[in-house]
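> have a look; sequence and predicted model below, questions after that.
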Amino acid sequence: MAAYSCSWDDTYVENPERFLCVVRRCEELGLLGRCIRLESRMSTREELKMCHDEKLLDLLESTAEMSVEQLKEVSSKFDCLYIHTNSWAAAQLSAGGAIDLVTAVVEGRVDNGMAIVRPPGHHAMRADSCGYCYVNNAALAARTALKMGLERVLVVDWDVHHGQGTQREFYSDSRVMYVSIHRYEYGGWWPNLRESDYDHTGEGSGAGYNVNIPLNRIGNTDSDYLAAWHSVVLPVATEFAPQLVIISAGFDPAIGCPEGEQEVSPACFAHFTHSLLGLAGGSVCTILEGGYFPPSLAEGAALTLRSLLGDPCPSLPYPVVPANTEMKTAIKNIQITLSPYWTIFSKYKHESITPTIWQGPAQPEKPPFDIMCPTPPRAVEEEKRLTELIKDLVRTTDLGFAEIRLAVSDNIRTQIEGVLVSNKAVELVMEKNATAAVVNDFGTVNVELEKENANILVVNYNSNMKTEDDNSSSDKKLWVSIQKENKQFSVTSTNIEAVMDAMSLVQVTNQVLLPMAYKFSPHVVVFMVDKYTESSSSSMSELYYMMHQLRATSEGRIIVVLGAGEQFSKDLILWLK
């Protein structure tokens, strides 16, 4: 996968270092040794035909024997693509790796995984290669999952370019939901397609299953991406209820990438990944797409893999603030457009779209295409500044985590192996010596909270446990109460912005708790719950979903305070463990 590059332009940003830097960083952090290795293999012609026409495959195969001049001529037939004599072999290896990863996850041989592959794939269409992509790895992976019997596959594409190849492949197929957040600038950014805008939502049986989140300005930050994540991505994804999640993981939205010109921190990709692990029982397949600034590409990809391995999300380097105006407008337009299809957005169906004006080319570009690198070299001083910025972020990002995964109070009966029973369970979490604790005495917790001069998020779910500080005005403690009344959940908080009613715990989590928690940035989450009376597995999964998502905001640290219920205690301890 590192054995090809552009033979006529050594400044081309799509080069072997993209692949090599990711492997090096994952090795430096000891991540690859913790994984089960799936050896890459060449995809077969029959597999590739699931998403590509025979004529295209024949042409790509023939390039292995071409001269440089012939390769130039063939490359000019495709938009933003160079072809090397080794490109075809690398493309087959990448596709084979993506297919085998999905197969292993669907068969249950691994929980989740990451295909560190090159070339990328999400721009490749049935009859055309495009945008550094020869064949579509993510689409082939999704087709494989469908062939194996799955009925709901979610593809989340956070690469900074719109994956038009994946969108077109499943545009009329309700079995695959495609969600893409990408640079658009009202059509003024490549691939300059009207179909990349928010109002292209699918057709036929696939209507409502295509979700585009256009970025209409550069410089979008963690805050802007998280606003889209909590307002669109997670709400529609949870209602879709996928059986498998495929991530088209491009790291060109990261700080420093010359093609993306966005400002997403490497750490934020771990948060995206963690949130998606809350879906489909954790069956998540991540496939490497773009990313053209090796320092932030390598770090973002490594932290993504670290999240897949179950390590806590590192804290974000910058405070989470309200999204920019363009993002807010895009979010609202998406919610209104999707309101006929999804219950979660139905309340927006009578609201009005904010019109936008196309700023792309009057006519699409046609071949022959320019075969030189579309991204001009950056000034040396600017490259140095951005490299040092990423180095500073790496140095200041705490990737340590407690050796003790779970501590349980000694007055809770448990015989589960691998759990530390201690009368100092709360202290262990507060002092970062344990990641999670389960206790049944809020008084003990409250004593420790009083000692702390750190942000504490306390979530009281259907609990009648008496607390002394429910109405505390301390800016270091944020109290949220969630009470179920009939079929609705009432949410109140010391933060007046959090008052609302919701139909499910998932809605409460996505649209209230997560935005509030990210803004608050707690040192630890305290979750109070009495004996859980809901008997259905779906109700339990919603409760676990809430705790899972909130842990991203506190580097994984959580203290669960139980009112009663021995069976619930056992189930919870097993889940946390």
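Perfect, I can see it now. Note that this is a predicted model, so its numbers are computed, not measured.

> what about residue 113, neighbour count?
24 (other Cβ atoms under 10 Å). All C-beta atoms are positioned from the backbone trio N, CA, C, and that covers glycine.

> Three-state assignment for the closest residue in space to it that isn't next to it in sequence, please.
Using Cβ to Cβ, 6 or more residues apart in numbering and skipping the chain neighbours, the partner closest in space to residue 113 is residue 101 (4.8 Å). With DSSP: H, G, I helix; E, B strand; the rest coil as the basis, residue 101 sits in helix.

> my read is that residue 168 contacts residue 127, right?
No. Judged on Cβ atoms under 8 Å, residue 168 makes no contact with residue 127 at a distance of 10.3 Å.

> higher neighbour count, these two?
More neighbours surround residue 168 than the other of residue 168 and residue 127, with 17 against 10 (other Cβ under 10 Å).

> wait, is the more buried one part of a helix?
Yes. Residue 168 forms part of a helix when assessed by three-state DSSP.

> what's near enough to touch it?
125, 126, 195 (Cβ atoms under 8 Å, 6 or more residues apart in numbering).

> quick one: the helices in the stretch 51-200 of the chain?
Remark: helices assigned in the stretch 51-200 of the chain by DSSP state H, counting those that start in this stretch are 54-62, 68-75, 87-106, 137-147, 164-169.

> tell me which of those helices sits most buried.
Of all those, helix 137-147 has the most neighbours on average by mean count of other Cβ atoms under 10 Å, namely a mean of 26.

> distance between that one and the chain's centre?
19 Å (Cα atoms, centre = their mean, to the nearest Å).

> for that helix, give the mean pLDDT please.
Mean pLDDT, helix 137-147: 98.

> packing partners of it?
Helix 137-147 sits against helix 45-48, helix 87-106, strand 153-157, helix 164-169, strand 244-249, strand 284-288, with contacts defined as 3 or more Cβ pairs under 8 Å, 6 or more residues apart in numbering; DSSP states H and E.

> CA atoms of the second one as PDB?
Spelled out, it's helix 87-106. Only the C-alpha atoms of helix 87-106 are listed here, as PDB (Å, rounded to 0.1, in the frame of the first residue of the first chain):
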ATOM      1  CA  SER A  87      -2.000   1.500  -7.900                       C
ATOM      2  CA  TRP A  88      -4.200  -1.400  -9.000                       C
ATOM      3  CA  ALA A  89      -2.500  -3.900  -6.700                       C
ATOM      4  CA  ALA A  90      -2.800  -1.400  -3.700                       C
ATOM      5  CA  ALA A  91      -6.400  -0.800  -4.500                       C
ATOM      6  CA  GLN A  92      -7.200  -4.500  -4.500                       C
ATOM      7  CA  LEU A  93      -5.400  -4.900  -1.200                       C
ATOM      8  CA  SER A  94      -7.300  -2.000   0.400                       C
ATOM      9  CA  ALA A  95     -10.600  -3.400  -0.700                       C
ATOM     10  CA  GLY A  96      -9.800  -6.900   0.400                       C
ATOM     11  CA  GLY A  97      -8.800  -5.500   3.800                       C
ATOM     12  CA  ALA A  98     -12.000  -3.600   4.200                       C
ATOM     13  CA  ILE A  99     -14.100  -6.600   3.100                       C
ATOM     14  CA  ASP A 100     -12.300  -9.000   5.500                       C
ATOM     15  CA  LEU A 101     -12.700  -6.500   8.400                       C
ATOM     16  CA  VAL A 102     -16.400  -6.300   8.000                       C
ATOM     17  CA  THR A 103     -16.700 -10.100   7.600                       C
ATOM     18  CA  ALA A 104     -14.800 -10.600  10.800                       C
ATOM     19  CA  VAL A 105     -17.000  -8.200  12.800                       C
ATOM     20  CA  VAL A 106     -20.300  -9.500  11.400                       C
END
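
> could you check the angle it makes with strand 153-157?
130 degrees (axes from the mean of the first three to the mean of the last three Cα atoms, to 10 degrees).

> going forward can the numbers begin at 228, since that is how I track them
Yes, from this point I'll number from 228; that puts the last item at helix 314-333.

> state the mean pLDDT of helix 314-333.
98.

> ok, and the helix or strand in the protein with the lowest average confidence?
The helix or strand of the chain with the lowest confidence, counting by mean pLDDT, DSSP states H and E, is strand 727-729 at a mean of 66.

> after that one, which helix or strand is next? Please name it.
Following strand 727-729 in sequence order, the next helix or strand is helix 732-735 (DSSP states H and E).

> C-terminal to that next one, what's the next element?
By DSSP H and E, the next helix or strand past helix 732-735 is helix 741-747.

> so the residue nearest the centre of the chain is in which element?
For the chain, the residue sitting closest to the mean C-alpha position, by Cα atoms, centre = their mean, is residue 499 at 3.1 Å. Using DSSP H and E, residue 499 sits within helix 493-503.

> can you check residue 719 too?
Counting by DSSP H and E, residue 719 is found in strand 715-720.

> neighbouring strands - and their directions - for that strand?
strand 704-712 (antiparallel), strand 727-729 (antiparallel) (DSSP bridges).

> check which residues of the first one are buried.
What that stands for is strand 704-712. By 16 or more other Cβ atoms under 10 Å, the buried positions in strand 704-712 come out as 704, 705, 706, 707, 708, 709.
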